[in-house]
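*Asks:* one predicted model, sequence on top.
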Amino acid sequence: MITLDNLTKSFVQKDGSQVSAVNAVSLDVPPGEICVFLGPSGCGKTTTLKMINRLIRPTSGRVLINGEDTRQLDEIALRRHIGYVIQQIGLFPNMTIEENIAVVPRLLGWDKTRCRARATELMAMVALDPKRYLSRYPRELSGGQQQRIGVIRALAADPPVLLMDEPFGAVDPINRESIQNEFLQMQRQLGKTVIMVSHDIDEAIKLADRVAVFRQGRLVQFAQPDALLAKPVDEFVASFVGHDRILKRLLLVRAEDAATPQPTVRPQTPASEAFALMDELDTRSLVVVDASARALGYIARRETRGAQGTCEARVRPFKATAAAGDNLRVLLSRMYEHNLASLPVLGDANQYLGEVTQDSIADYLSSGKSRDLTSG
């Protein structure tokens, strides 16, 4: 959807010398993904963002949107088809909330009925009652409410691309988390291609499909969040993402990634055979599965010692389980809550995928593996 090709911006200083704010940045953002530009102040991330909608003209290089070079497009038309959200929100104080939301749609020739319908639809997405708020003015809303309006105003004309410059930076932590969650939900529904500037690594790993780390105008690393945390390209990136980067990965790694396959038994397996297997493996229990590998529960070693018959009569329900998509932070919390050393990981149809233990989590995180290291 968005390609930056050797994008460069240089400024001439008072003494006539040139300084590069952005130096030969190249990257691709696939359709429907959120890419976060991350880095310290003055690293070139906002300048790069503004070159995409030509608020700043590149010195050299290209920006392509859907394969089309933006240099060939009328700047005003280009900006009307790219949503733009800034930290300062920028609502027009003399306009109602409805009028603010409808600014770009009205410029594009939408009639009043269509504008109102769109405003009503978007207000519902951020849990603001249209009947209460559309006729109000920005000064009558809280900071968090105003920021929500700023986000949905950028989406009003249904642009395929959304640019966001530290959109949640001025909001208090409680509202920020709520707005971030609402934004992610909207993104899943609308599938926009989003580029967001941030200096907050926690925000980046929560929201981004890909993260671009900038330093002194250069792109240092471009990777998916887990790959960034697992394999920082240099000491600068490692320091910027935080020395607790391994713990941050708990939110990104899924149960199925850290699960290790384990032997299982069937209901009809003789109890003596199950005991012998547990004795050989030196384990306290085994998962019982049916012919379709669906987990039925577990059997305990102590209950099969010297037992006659099959495992079926001795199957116990799990105290707790993990879904394949649960993150490791959730898993650890569940383990501690139930005082368990391991959790069985189950698929959508209850298939047994393996087990996660504290040791398997530690092994996975220390190995440097990630879901995708190809872009790092």
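*Replies:* Now that the structure is in, tell me what you want to look at.
*Asks:* tell me where the model's unsure across the stretch 151-300 of the chain.
*Replies:* Low-confidence segments of the stretch 151-300 of the chain (pLDDT under 70): 170.
*Asks:* need the strands for the stretch 101-250 of the chain, in chain order.
*Replies:* 161-165, 193-198, 210-215, 218-223 (DSSP state E, counting those that start in this stretch).
*Asks:* quick one, domains of the protein?
*Replies:* 2-251, 255-367 (automatic domain parsing).
*Asks:* ok, and the closest non-adjacent residue to D326?
*Replies:* Closest residue in space to D326, ignoring its immediate chain neighbours: A255 at 4.7 Å, by CB to CB, 6 or more residues apart in numbering. Yep, even glycine has a C-beta here, placed from its N, CA and C like the rest.
*Asks:* circling back: in CSV: the domains of the chain, plus mean neighbour count.
*Replies:* CSV is the format used below for the domains of the chain (neighbours: other CB atoms under 10 Å):
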stretch, mean neighbour count
domain 2-251, 18
domain 255-367, 16
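*Asks:* tell me which of the strands of the stretch 101-250 of the chain approaches Q72 most closely.
*Replies:* Ranking the strands of the stretch 101-250 of the chain by proximity to Q72 (CB to CB) places strand 161-165 first, at 16.3 Å.
*Asks:* what is the closest one packed up against?
*Replies:* Here strand 161-165 touches helix 45-52, strand 82-86, helix 143-155, strand 193-198, going by 3 or more CB pairs under 8 Å, 6 or more residues apart in numbering; DSSP states H and E.
*Asks:* report the strands that pair with it, each with its relative direction.
*Replies:* strand 82-86 (parallel), strand 193-198 (parallel) (DSSP bridges).
*Asks:* dump those strands into a markdown table; add distance to Q18 as well.
*Replies:* Putting the strands paired with strand 161-165 into a markdown table (distance: least, CB to CB, whole Å) gives the following:
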| stretch | distance to Q18 |
| --- | --- |
| strand 82-86 | 28 |
| strand 193-198 | 24 |
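*Asks:* mind checking which of these is nearest S292?
*Replies:* For these, the distance to S292 is smallest for strand 193-198, at 39.7 Å, taking CB to CB.
*Asks:* then that closest one to PDB, C-alphas only?
*Replies:* Extracted in PDB, the C-alpha atoms of strand 193-198 (Å, rounded to 0.1, in the frame of the first residue of the first chain):
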ATOM      1  CA  THR A 193      -3.200   1.300   6.300                       C
ATOM      2  CA  VAL A 194      -1.800   3.300   9.200                       C
ATOM      3  CA  ILE A 195       1.500   5.000   9.800                       C
ATOM      4  CA  MET A 196       1.900   6.400  13.300                       C
ATOM      5  CA  VAL A 197       4.600   8.400  14.900                       C
ATOM      6  CA  SER A 198       5.400   7.500  18.500                       C
END
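*Asks:* just the angle for it relative to strand 210-215, thanks.
*Replies:* 40 degrees (axes from the mean of the first three to the mean of the last three CA atoms, to 10 degrees).
*Asks:* contact partners of strand 193-198?
*Replies:* 1-2, 29-38, 45-46, 49, 52, 160-167, 169, 187, 204, 207-208 (CB atoms under 8 Å, 6 or more residues apart in numbering).
*Asks:* make it 7 Å
*Replies:* For strand 193-198, contacts defined as CB atoms under 7 Å, 6 or more residues apart in numbering pick out 1-2, 29, 31-38, 45-46, 49, 52, 160-167, 187, 204, 207.
*Asks:* looking at the helices and strands packed on strand 161-165, which is closest to D348?
*Replies:* Using CB to CB as the measure, strand 193-198 is the one of the helices and strands packed on strand 161-165 that comes nearest D348, at 28.1 Å.
*Asks:* between that closest one and helix 45-52, how many degrees?
*Replies:* Going by the same axes, to 10 degrees, strand 193-198 makes 150 degrees with helix 45-52.
*Asks:* gap between strand 193-198 and the chain center?
*Replies:* 11 Å (CA atoms, centre = their mean, to the nearest Å).
*Asks:* alright, calling it a day.
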